[in-house]
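Predicted model and sequence follow; I will ask about them next.
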There are 2 protein chains.
Amino acid sequence: MDRLHVTYHLNVEPDDAEALARSILLEQTVETPREVAERYPFVRSAMLGERLELAPHADGGTRLRLALPVSTASVDPLQFLNVLFGNVSLHGLATLEDFELPAALAPTFHGPRFGLRGLRDRFERPEGPLTASALKPVGIPLDELERLCRDFAEGGIDLVKDDHYLADHAFCPFDARVRACQAVMDDVAAATGHRTIYAPNLSGTPDQVRRQLDVAQEAGVQAVMVAPMALGLPVLYELTQRGDVPVLAHPSFAGAGRITPLALLGKLFRLFGADAVIFPNYGGRFSYAAETCRALAEQLRAPWPPFRTVLPVPAGGMDVDRAPELVRFFGPDVMLLVGGSLLRAEDDLRDRTAAFVAAAREA
Amino acid sequence: MDRLHVTYHLNVEPDDAEALARSILLEQTVETPREVAERYPFVRSAMLGERLELAPHADGGTRLRLALPVSTASVDPLQFLNVLFGNVSLHGLATLEDFELPAALAPTFHGPRFGLRGLRDRFERPEGPLTASALKPVGIPLDELERLCRDFAEGGIDLVKDDHYLADHAFCPFDARVRACQAVMDDVAAATGHRTIYAPNLSGTPDQVRRQLDVAQEAGVQAVMVAPMALGLPVLYELTQRGDVPVLAHPSFAGAGRITPLALLGKLFRLFGADAVIFPNYGGRFSYAAETCRALAEQLRAPWPPFRTVLPVPAGGMDVDRAPELVRFFGPDVMLLVGGSLLRAEDDLRDRTAAFVAAAREA
């Protein structure tokens, strides 16, 4: 396969899909009438795609599979998005469902630099489920953030990430926060031997995010978090080439309606370099079905040479008590991210964290 | 109003919307249980939002209006997106419909640097409809692109933009293309007195796009194009602060399902700095309704102090013959962007362009 195979779900019956399928094929390749494209020998031979399938979809509507040329999709990561789901995203009836990357496109992407295994190395935890929580709510003072870090770390958790609303606020500046939180982790590691990784949230324009990455790396931070759809997938791409720390992808602004979670969180985030992908878990605050979550976790961990496998991070309103159930559901190659259910604790956060960690490990 | 007012459409009946509305309010502010947030005086006073309305929506479902604090939304442009439609975008039932920017948030955004008036100044066309076309299909050789530029310019068109698939291809490198196309425009301007503006497509990672912007400005280019949703809205924001040329926003990868066109193309693109916004016109290749297109154009041109007004650019499979109809429909503050219908011409592109220009101006 030397072309990009893309699957769209069209919300029309197959009998009515013929004209739409024809127009999408042109839209995603030459974006001109076919007669104009065919005037030019190079365009005719290298730029036109092909329809592979137009058939009833198992879930209703129509399944359209196209083979698209790589000449444009390979030229830069943004062009890949244009070819994959650029103009077709404006067709109200089309959803991007899946894609298969041909060998010719692999050199365009580096994918995760650390991935699941690299993260496990950093956590010094070669197997078993991993545990995580978040610093929140935004607005609490720095000494309270330090207190949370200490309790989480002494409780034995693997990762503490910033809430995605934590940014370079005047009442809690990025540089001071990152240095202080990392210092707590260093302290606890020296005292107990257990190192919790602190992942600050990088937020702002590309310049701001780049500066924050430098500050974080200088502070000894072992991972960072970004929201690729809010920041821009090409920024994730560049950041994961520039930095030397694993990157967690947060799903903020990712929507769910027009790119399926499997295609967006399961594939695009990985392709652009995320080492761990946070997604809304079933039975929490969001509406993802259990089967969607399981398929997403499996997709992130499935081999996709040459890209590293990715750490799935279910999150979003999970109760601590569900840890054993979730480890059984997802398997041990998972990081459970629990926020509010831990933070409900007041003076017993450390003990509650330790109970969460134990519940996850003993599942 | 010192808070950000946001309107969501919830795809549930009002009787069932109460719990969802409560959860969205927390999601878009503190992302913790309310009891945790209320422990902290500063969080309680500065970080919690308020529900303004939960009522039947005119189009069915439920209308939810929230007043959200600006403390986080103002800290950087990405945080604005997080607060506006970050996690809530993952709720399958919620669509962002509109927002109103309070004065407290205006300093976060510069909006368009040139806008509709600045573009008219560059075109030296203080009134009347503007005309545009595109260089395509991707894959045609440079001398053919130069031929197209010359015919378009001699035909009297105002703008020629790159197809969004034109990038830094080996068979058509960015630097050579931009210099050659701009040179044609300079030539025609010297010979005829009519200057057509050439807008190259910037594509790639932020570093690549930044370099391309520099190359384009050095070549004397008078406008550029980017696809903000593929590139990342924060990159648009930074680019429009860095550069000194008007920026056209292309809707590629913008989807249409979960943020309404009015909120996304009509407001967010403007807020982040686009001077002209390309959108899929009614009756063309896409599925936008005529009323959506009219409302979008009106919104882009409506006063929204302190941000400049924006040039609406309907596009996407319009026939040249529709120029008079479209000018009557949108009014004269519009740029008609016609590609395929002009490019169907072979040896008579210049005449066809001239006829298009005349039809638009005489409407």
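It's in.

which secondary structure element contains the closest residue to residue A:312 other than its chain neighbours?
Excluding the flanking residues, the one nearest residue A:312 by C-beta to C-beta, 6 or more residues apart in numbering or on different chains is residue A:297, at 3.9 Å. To be clear about C-beta, it is placed using only N, CA and C from the backbone, and glycine gets the same treatment. Per DSSP states H and E: residue A:297 is located in helix A:290-301.

Who are the packing partners of that helix?
helix A:261-263, strand A:276-280, strand A:311-315, helix A:323-330 (3 or more C-beta pairs under 8 Å, 6 or more residues apart in numbering or on different chains; DSSP states H and E).

buried ones in it?
A:292-294, A:296-297, A:299-301 (16 or more other C-beta atoms under 10 Å in any protein chain shown).

which among the residues you listed gets closest to chain B?
Chain B has its nearest neighbour among the buried residues of helix A:290-301 in residue A:292, at 10.4 Å by C-beta to the nearest C-beta.

So for residue A:54, which of the helices and strands packed on helix A:290-301 sits nearest?
helix A:261-263 (19.0 Å; C-beta to C-beta).

Contacts for whichever helix or strand comes after the closest one, please.
Counting by DSSP H and E, the next helix or strand C-terminal to helix A:261-263 is helix A:269-271. Residues outside helix A:269-271 that contact it (C-beta atoms under 8 Å, 6 or more residues apart in numbering or on different chains) are A:101, A:109, A:111-112, A:228, A:236, A:249, A:277, A:300, A:304, A:307, A:310.

so which residue of the stretch 101-250 of chain A comes closest to chain B?
Counting by C-beta to the nearest C-beta, the stretch 101-250 of chain A gets nearest chain B through residue A:232, at 1.3 Å.

which residues does that residue contact?
By C-beta under 8 Å, 6+ apart, the neighbours of residue A:232 are A:206, B:206, B:230-235.

For the buried ones among those, write the corresponding PyMOL selection.
Selection of buried members from the contacts of residue A:232 for PyMOL, criterion 16+ other C-beta under 10 Å:
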select buried, (chain A and resi 206) or (chain B and resi 206+230+231+232+233+234+235)
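
Could you pick out the residues of the stretch 201-350 of chain A near chain B for me?
With C-beta under 8 Å from any C-beta of the partner chain as the criterion, the stretch 201-350 of chain A comes near chain B at residues A:203-209, A:227, A:230-235, A:237-238, A:251-259, A:280, A:285-288, A:316, A:339-340, A:343-344, A:346.

Show me just the buried residues among the residues you listed.
Here, 16+ other C-beta under 10 Å leaves A:203-206, A:208-209, A:227, A:230-235, A:237-238, A:251-256, A:258-259, A:280, A:285-286, A:288, A:316, A:339-340, A:343 buried among these.

what are the ranges of the strands in the stretch 101-250 of chain A?
A:130-135, A:159-162, A:197-199, A:224-226, A:247-249 (DSSP state E, counting those that start in this stretch).

what's near enough to touch the closest residue to residue A:240 other than its chain neighbours?
Nearest residue to residue A:240, sequence neighbours excluded (C-beta to C-beta, 6+ apart): residue A:273, at 3.1 Å. Residues near residue A:273 by C-beta under 8 Å, 6+ apart: A:109-113, A:236-237, A:239-241, A:247.

let's see 10 Å
A:77, A:109-115, A:228, A:233, A:236-241, A:243, A:246-247, A:249, A:307-308, A:310 (C-beta atoms under 10 Å, 6 or more residues apart in numbering or on different chains).

How about residue A:136?
Residue A:136 neighbours (C-beta under 10 Å, 6+ apart): A:145, A:148, A:161-166, A:339-340, A:343, B:30-32, B:36-37, B:43.

can we see that at 7 Å?
A:163, A:339, A:343, B:30-32 (C-beta atoms under 7 Å, 6 or more residues apart in numbering or on different chains).
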